[in-house]
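# Got a sequence here, can you model it:
(one chain, ligands or ions: 2)
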Amino acid sequence: MLIDSHAHLEMPEFRKDLSEVLQRAKDSGVEYIFTVGTERKDWRRALEIAQSHPSVYAILGVHPHNAKEIDEKTYPVLKELCKHERVRAYGEIGLDFFRDHSPRDVQLKRFREQVGLAKELKLPIVVHDREAHREALEILKSEKAGENRGIIHCFSGDEKMAKACMDMGFFISIPGSLTYKDAGPFHEIVKRLPLEFLLVETDAPFLTPVPFRGKRNEPSYVKYTAEKLAEIKGVAFEKVAEVTTQNALKVFRLNLG
Ligand SMILES: [Zn+2]
Ligand SMILES: [Zn+2]
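Ligands and ions are numbered 1, 2, ... in the order given. This next block holds a predicted model:
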């Protein structure tokens, strides 16, 4: 059994064939998928998918790309939706200084606010951090985000950053880019991280792993990332599947036994 800890099933890329996508996930051993609604227009759809499919749970929040769109209506709407039991975490929130779709000062302010909101809602926090490691860590630490635990999704930091996050109680989620030809330096970091803190994710429809790189990503492909992780860590695939699944159930506080 595998869990795809981060996908975007509510995005238009899945509008036509969602049921086939979910069936293929099941056939590949992916029992649960966490779909992340990143902006207001996507939240209800993400929650609807989670409500109508037992294998899907939702994560809701405002992505750093959309930080500039937050207005006085945003948080009240989010707060209501997040009370639903199919919503298992708050996110993805954080900083993206690579694309800079929202001004950096706005991203910083909204990230800090949303950590506060997640704490108020008592939800684990899913963090998006791209080329803003130092600033992201500073906010997570000063806002005591670790009390809620959470996930650094699509992890792209170094070993020191990973350690600081794990010390706070955060899990590290490994994306399909682990399978890419140029991922050597990332392999070296991942090799030294304890499996007990790792999750796997697709971030579908993005970041498609080899051998499907270039095509749309989907949750069934998370197995390629798990296979690569097993190879890098020199353990059996079944071990990676079992431990990453337990980690996901732990962080999302699900007792499915
Ligand atoms: Zn992200
Ligand atoms: Zn994402």
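
# quick one, what contacts the residue in the stretch 101-250 of the chain that ligand 1 sits nearest to?
Of all residues in the stretch 101-250 of the chain, residue 128 sits closest to ligand 1, at 3.5 Å by Cβ to the ion. Where C-beta positions appear, they are placed from N, C-alpha and C, glycine not excepted. For residue 128, the residues meeting the contact criterion (Cβ atoms under 8 Å, 6 or more residues apart in numbering) are 63-64, 91-96, 153-154.

# can you count the residues close to residue 44?
Other residues within reach of residue 44, judged by other Cβ atoms under 10 Å, total 15.

# Now do the same for it: helix, strand or coil?
Secondary structure assignment for residue 44 (DSSP: H, G, I helix; E, B strand; the rest coil): helix.

# State the pLDDT value of it.
For residue 44, the model assigns a pLDDT of 97.

# Please name the spatially closest residue to it (chain neighbours excluded).
In space, and not counting its chain neighbours, residue 44 is closest to residue 81: 7.4 Å by Cβ to Cβ, 6 or more residues apart in numbering.

# so which strand or helix has the residue of the stretch 101-250 of the chain closest to ligand 1?
strand 125-130 (DSSP states H and E).

# Following the chain onward from that strand, which element is next?
Past strand 125-130, further along toward the C-terminus, the next helix or strand under DSSP H and E is helix 133-142.

# That next one - contacts with which helices or strands?
Applying 3 or more Cβ pairs under 8 Å, 6 or more residues apart in numbering; DSSP states H and E, one finds that helix 133-142 makes contact with strand 87-96, helix 104-121, strand 125-130, helix 159-168.

# pLDDT averaged over the second one - what is it?
Regarding helix 104-121, the rounded mean pLDDT is 98.

# got the angle between that helix and strand 125-130?
Counting by axes from the mean of the first three to the mean of the last three Cα atoms, to 10 degrees, helix 104-121 lies at 160 degrees to strand 125-130.

# What residues of helix 104-121 count as buried?
107-108, 110-115, 117-119, 121 (16 or more other Cβ atoms under 10 Å).

# on contacts alone, who are the packing partners of it?
Against helix 104-121 (3+ Cβ pairs under 8 Å, 6+ apart) you get helix 74-82, strand 87-96, helix 133-142.

# Check the first one too.
For strand 87-96, the helices and strands in contact under the criterion 3+ Cβ pairs under 8 Å, 6+ apart are strand 30-37, strand 56-60, helix 104-121, strand 125-130, helix 133-142, strand 150-153.

# Give me the distance from the first one to the chain's centre.
Translated: strand 30-37. Averaging C-alpha positions (Cα atoms, centre = their mean, to the nearest Å) puts strand 30-37 9 Å from its chain's average.

# Could you do stretch 192-201 as well?
Averaging C-alpha positions (Cα atoms, centre = their mean) puts stretch 192-201 13 Å from its chain's average.

# Output it as CSV, nothing but the C-alphas.
The C-alpha trace of stretch 192-201 is given here as CSV (Å, rounded to 0.1, in the frame of the first residue of the first chain):
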residue,chain,number,x,y,z
ARG,A,192,21.0,10.3,4.8
LEU,A,193,17.4,11.2,5.9
PRO,A,194,15.7,8.6,8.2
LEU,A,195,12.9,6.8,6.4
GLU,A,196,10.8,7.4,9.6
PHE,A,197,10.4,11.0,8.5
LEU,A,198,9.8,10.5,4.8
LEU,A,199,6.6,10.6,2.7
VAL,A,200,6.2,10.2,-1.1
GLU,A,201,4.1,12.4,-3.3
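
# All set now, cheers.
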